[in-house]
Every structure is written in structure tokens, then in C-alpha cells.
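J.: Using only what follows, build the 3D model:
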Amino acid sequence: MNEKALYPQFGVLLVDDELPWLRRLGMTLEGPGALTNLIQCSDSRQVMDLLAEREVGVVLLDLTMPHLSGEQLLEKIVAEHPQIRVIILSGMNQLDTAVRCMRLGSFDYFVKTEDEERLVEGVLRAVRMVELEYENRAMRRTFFDDELEFPEAFASVITADPAVKKVFKYVEAVAPSRQPILITGESGVGKELIAKAIHQLGRSSGPLVSVNVAGLDDNHFSDSLFGHTRGAFTGADNPRSGMIEKAAEGTLFLDEIGDLSPVSQVKLLRLLQEGEYYPLGSDKPKQMSARVVVSTHQDLEQRMATGEFRRDLYYRLISHHVQVPPLRQRKGDLPLLLEHFLQKAACQLNKKKPTPPPELAVLLATYGFPGNIRELEAMVHDAVSQHAGRILSMQSFAERIGQQKAGQAVSTPGAEDNPFSAQAELPTLQRAGELLVAEALRRAAGNQSIAARLLGISQPALSKRLKR
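T.: Numbering: from 1, shown residues only. Sure, this is the predicted structure:
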């Protein structure tokens, strides 16, 4: 890895024969613009060779230069490198020249005497446009190719599920982007593992810094992210760096973003919009160089509807959206996960890995796992800790599943929970019982003991009913 990650991933070429202006432009783009992948050229005759040798996405061209003018170079670049965005810079505000350059194919036109903020915004706009094209090409390559380019980034996620593999491919495509990435999914599905994969695939030179923002009030949120100066508040005897600074050139992962307070949501929105922040007690802004990844188990659209989550923040975060499926939608992974967690628990407990009975995977497949993979791991660890023989007992699994189902059945079901409420004609009680037994046996893969558990009756009672 490079000592310092370059942004953007393609070069931004600055062309001007006036060296003082060239240096000043470079400092402006590196400072407020946070662009570090800059290439400077003071001889217009070298531009086409540079474009042939280097990967360049945006070119800033001075209009008036010896040898080759900006207009001449603009025509050459548009003809030979149409994917490059060209911005023309001129010392004079001439409308006819600006119109001519736009017709020749320039992306934008700025007068050098205009304020630097407008120029930086125009360059960043061009950079984002090229980034989107890079991402679109990457996604097309990814989805037309079944193989992952960097499978090692997902080694910690145990799966053979096609839907999860599609998530991996999407993550590969968007990981190099500097735009925020939103990861959603129920608790326990492994959102933090996806965040680690994004960090690894982003090839950042800095660290991955994780902050769980659930339960943080506004003061703790600000102090955790932005840090503080000495004397910023009572007890601040020494300055402290915030998580943004610690994640410099790396990834800042904000977990459970859906639980942020409204005031903290505003502060996060400003950080994402402006790319800078103020440590508590300081009036000097600092530049953020970390990319931001966030996650939540909350339904953000529902929280927006109730006014608990800001729409403008949501649309800022949703540039790239990764939805991790729950375990109940990927039950084909249960045997793989069971084997993995059995081995892990045996190592942690210093035991020999037990052999699971064949019916265990069938039993687990009948359960909805509201706690997802985290719940399955806890089940396996508990079973291995009690295990003494060679074959793993199913008793602790059956007891846990029974307790969970009993807890879920406490509330009185409404019409929306009744499978018969939408039917014009009700089946007879005998027919309903037959259908229920048949479905239980199908889910239990023909195993009567498991089917009996699903029905809440004993195995002999089920056997008697089947004989009748």
C-alpha cells in the first residue's frame, strides 16, 4: 500500500505555463478540495504524452499558453480521450470564448479571478461524474463475471448462498468509491463483517475505526467523532483526537446510525456535505480524509415517515446501499455455519469438536432465527459447553427454540396473523389438521420427532394421528 492513499483513484492534471499559478491551484485543490492525486504540467506540448502514460480523469487547462493553446488541446483531448472531463481556465471573462469551449466539449469554464470556492466545487463536480462512470463500469464487469476479483476480502463470511454472493459482487464494485456506503440488515446478520470487507477492498492506507453511536447523546457523539481541545469543557485537561482523525486515510464505520439523535444527525450531515469538522473548543476547521461507512438495523424509511430520521441525511447516505439478507432467507448456509461454529466453540472450550446428528440441521431449518447468525453461534456455543459424548445432543437446541417460540406466541394473534382470514371458505377442523401435519412433515424433511415439536405435540401423538 502507498504511505498515503491518493484521491481520486484517477489523476487530475493541471496544465498552466505560469508556475506560481500552477502551484497555487495545486494547493487550493489539495486543501479545501482534499484532492491528492494531482499531476502538474507547465508545458502544453507534454500533455498528450502524459494522458497516454497516466490514468487521468479530469484535466484543468489554461486557455492562453505558448506552443499549444487550451482550445487546441481541448480539441485533441476530446477526440482522443473522450472519457476525460476538461475544465478550461481563463484570465479573462469572455462569453464568446466560453461558449466556443463548451461547444468543443469542455465540461466547465472558469475565470481565474473568480472565487476559489466556485472553482473547487466545479472540479469536485467533474471528479464525482468520472467516479460514477468508473463505478458503473466496475459494476458491469462485476455482474457479468461470476467470479469475485478479491474473494479473500469476504473470507470471514461463511456462505454459499447466491443472494449473499450478489452482495459481495456489489460491494466489490462500490468499495473504491469515496461516497458514503449504507449497510442495512437485521441485528446479527454480520454488517460489521461487510464493513471490514469494504475497508479492505478500498485499499486505504489508514485504519478501520468503528464507533457504535447507539445511545450516544449529542455531547458524547461530538466528542467521540470530533475530539476536543484543552479546556473545551470541564474536565478536558488535555486535548484528544476524535475518531475522524484516528481514521485518517482509512475508514470511519458508524454502527447503528438509525439511533442517532436529531441534533447529531445535523452534525453528521454537515460533516458529509462539507468534508470538514471542528473539534470541541476550536474555531479552526479540520479536513476529513476518511471514507464513511454506516450501518443500521432500523427501517430508515419508516423512521423518516415518523420524523425520527432526516431525509436529507438519508439521501446523502444512500449513495451506495448494501442490504444483508437475514439467516431465515439463507437456510442453505445452516450446515456450513453449524460446522464453523462447532469448530470455533470446541477450540474456545478446549474440547474435541463433536459430531452433529443429521437431524440437527433439519431442526434448525424449521426456526426463524430472529437473532440471526449471532443467535446461532450462541446456541452452538451453549450446546458444546454442555457436550460430553461423541454425538452432539439436540436437547439444548430444541429447548432454546421452544422457549423462543413460546415467547413469540404470548400476544393474541390478529386477523393479519391468521392464515385463514383471507379465505372465503374455511376448511373443516379435520382438513385443517391434515394440512398442518403435512406441512410440519415437509419442513421437518419427514422426521416425525421434529415435526411433532413444530406442532407442539408429542411424537407418539403425531404417530397415532398419522396411523388414523
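J.: going forward, measure contacts between C-alpha atoms and count neighbours the same way
T.: Fine.
J.: Now do the strands in the stretch 51-200 of the chain.
T.: For the stretch 51-200 of the chain, the strands defined by DSSP state E, counting those that start in this stretch cover 56-62, 85-90, 108-111, 181-184.
J.: Which among these is found nearest to Arg291?
T.: Nearest to Arg291 among the strands of the stretch 51-200 of the chain is strand 181-184; the distance by Cα to Cα comes to 8.9 Å.
J.: would you turn the strands of the stretch 51-200 of the chain into CSV with distance to Leu376?
T.: Shown next, in CSV, are the strands of the stretch 51-200 of the chain (distance: least, Cα to Cα, whole Å):
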stretch, distance to Leu376
strand 56-62, 47
strand 85-90, 51
strand 108-111, 56
strand 181-184, 20
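J.: Redo these as CSV? Include mean pLDDT and distance to Phe10.
T.: Converted to CSV, these look like this (pLDDT from 0 to 100; distance: least, Cα to Cα, whole Å):
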stretch, mean pLDDT, distance to Phe10
strand 56-62, 95, 5
strand 85-90, 92, 12
strand 108-111, 91, 19
strand 181-184, 96, 20
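J.: Show me the one of these that comes nearest Pro162.
T.: Closest to Pro162 of the strands of the stretch 51-200 of the chain, according to Cα to Cα: strand 181-184, at 18.1 Å.
J.: any idea how far that closest one is from the chain center?
T.: Put simply, strand 181-184 sits 4 Å off its chain's centre (Cα atoms, centre = their mean, to the nearest Å).
J.: same deal with stretch 101-119?
T.: Using Cα atoms, centre = their mean, the offset of stretch 101-119 from its chain centre is 34 Å.
J.: in stretch 181-197, what counts as buried?
T.: Buried positions in stretch 181-197, judged by neighbour count with 16 or more other Cα atoms under 10 Å: 181-192, 194-197.
J.: The nearest residue to Met102 once chain neighbours are set aside bridge partners, please.
T.: Of all residues not flanking Met102 in the chain, Asp108 sits nearest, at 7.0 Å (Cα to Cα, 6 or more residues apart in numbering). Asp108 has these beta-bridge partners by DSSP bridges: Ile87.
J.: How many residues are close by Asp108?
T.: Burial measure for Asp108: 19 neighbouring residues, criterion other Cα atoms under 10 Å.
J.: next one: the one 10 residues further on
T.: Using other Cα under 10 Å, Arg118 has 11 other residues around it.
J.: domains of the protein?
T.: Annotated domains of the chain cover 11-137, 152-325, 329-408+425-467 [automatic domain parsing].
J.: and Pro419, which of the ones you listed is closest to it?
T.: For the domains of the chain, the distance to Pro419 is smallest for domain 329-408+425-467, at 10.4 Å, taking Cα to Cα.
J.: Does the residue nearest to Met102 touch Val120 like I think?
T.: No: look at Asp108 against Val120 with Cα atoms under 8 Å: they stay out of range, at 11.9 Å.
J.: hang on, the earlier thing: any idea how far the residue nearest to Met102 lies from Pro82?
T.: 15 Å (Cα to Cα, to the nearest Å).
J.: how near is Glu256 to Ala452?
T.: Glu256 sits 39 Å away from Ala452, taking Cα to Cα as the criterion.
J.: Identify the residues contacting Gln323.
T.: Listed by Cα atoms under 8 Å, 6 or more residues apart in numbering, the contact set of Gln323 reads 167, 183-185.
J.: Serialize those residues to CSV and add fields for distance to Leu68.
T.: Converted to CSV, the contacts of Gln323 look like this (distance: Cα to Cα, whole Å):
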residue, distance to Leu68
Val167, 48
Ile183, 49
Thr184, 52
Gly185, 55
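J.: Show me where the stretch 251-400 of the chain has its helices.
T.: Listed in chain order, the helices of the stretch 251-400 of the chain (DSSP state H, counting those that start in this stretch) span 262-274, 300-305, 311-317, 334-348, 358-365, 372-386, 395-408.
J.: now those in CSV, with distance to Ala163 and mean pLDDT?
T.: Shown next, in CSV, are the helices of the stretch 251-400 of the chain (distance: least, Cα to Cα, whole Å; pLDDT from 0 to 100):
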stretch, distance to Ala163, mean pLDDT
helix 262-274, 30, 92
helix 300-305, 22, 92
helix 311-317, 23, 91
helix 334-348, 15, 93
helix 358-365, 18, 87
helix 372-386, 16, 94
helix 395-408, 26, 74
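J.: For Leu327, find the nearest of those helices.
T.: Leu327 lies closest to helix 372-386 among those, at 5.2 Å (Cα to Cα).
J.: what about the closest residue to Leu148 other than its chain neighbours, how many residues close to it?
T.: Closest residue in space to Leu148, ignoring its immediate chain neighbours: Lys169 at 6.4 Å, by Cα to Cα, 6+ apart. Counted with other Cα under 10 Å, residues neighbouring Lys169 total 22.
J.: For Leu426, give me phi and psi.
T.: Dihedral pair for Leu426: phi -80, psi 140, per degrees, to the nearest 10.
J.: quick one on the thing from earlier: would TSV of the domains of the chain with distance to Pro419 be doable?
T.: What follows is those, written out as TSV (distance: least, Cα to Cα, whole Å):
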stretch	distance to Pro419
domain 11-137	44
domain 152-325	25
domain 329-408+425-467	10
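J.: Worst mean pLDDT among these?
T.: Mean pLDDT is lowest for domain 329-408+425-467 among the domains of the chain, at a mean of 85.
J.: For that one, measure first residue to last.
T.: Distance across domain 329-408+425-467, first residue to last, is 34 Å (Cα to Cα).
J.: ok now that domain, how far from the chain's centre?
T.: Relative to its chain's centre, domain 329-408+425-467 lies at 33 Å (Cα atoms, centre = their mean).
J.: now stretch 246-254
T.: With Cα atoms, centre = their mean, you get 13 Å for stretch 246-254.
J.: Just say helix, strand or coil for Ala438.
T.: Secondary structure state of Ala438, per DSSP: H, G, I helix; E, B strand; the rest coil, is helix.
J.: Look up how far Ala398 lies from the closest residue to Gly33 other than its chain neighbours.
T.: Nearest residue to Gly33, sequence neighbours excluded (Cα to Cα, 6+ apart): Val120, at 5.9 Å. For Val120, the distance to Ala398 equals 62 Å [Cα to Cα].
J.: and what of Ile183?
T.: 32 Å.
J.: Which among the domains of the chain is found nearest to Asn418?
T.: Of the domains of the chain, nearest to Asn418 by Cα to Cα is domain 329-408+425-467, at 11.8 Å.
J.: picking up where we left off before, tell me which of the strands of the stretch 51-200 of the chain lies nearest to Arg23.
T.: Ranking those by proximity to Arg23 (Cα to Cα) places strand 56-62 first, at 13.1 Å.
J.: helices or strands next to the closest one in the packing?
T.: Strand 56-62 sits against strand 11-15, helix 70-80, strand 85-90, helix 116-144, with contacts defined as 3 or more Cα pairs under 8 Å, 6 or more residues apart in numbering; DSSP states H and E.
J.: now with 7 Å?
T.: Judged by 3 or more Cα pairs under 7 Å, 6 or more residues apart in numbering; DSSP states H and E, strand 56-62 is in contact with strand 11-15, strand 85-90, helix 116-144.
J.: Make JSON lines from these and add distance to Leu435 to it.
T.: Below are the helices and strands packed on strand 56-62 laid out as JSON lines (distance: least, Cα to Cα, whole Å):
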{"stretch": "strand 11-15", "distance to Leu435": "66"}
{"stretch": "strand 85-90", "distance to Leu435": "65"}
{"stretch": "helix 116-144", "distance to Leu435": "42"}
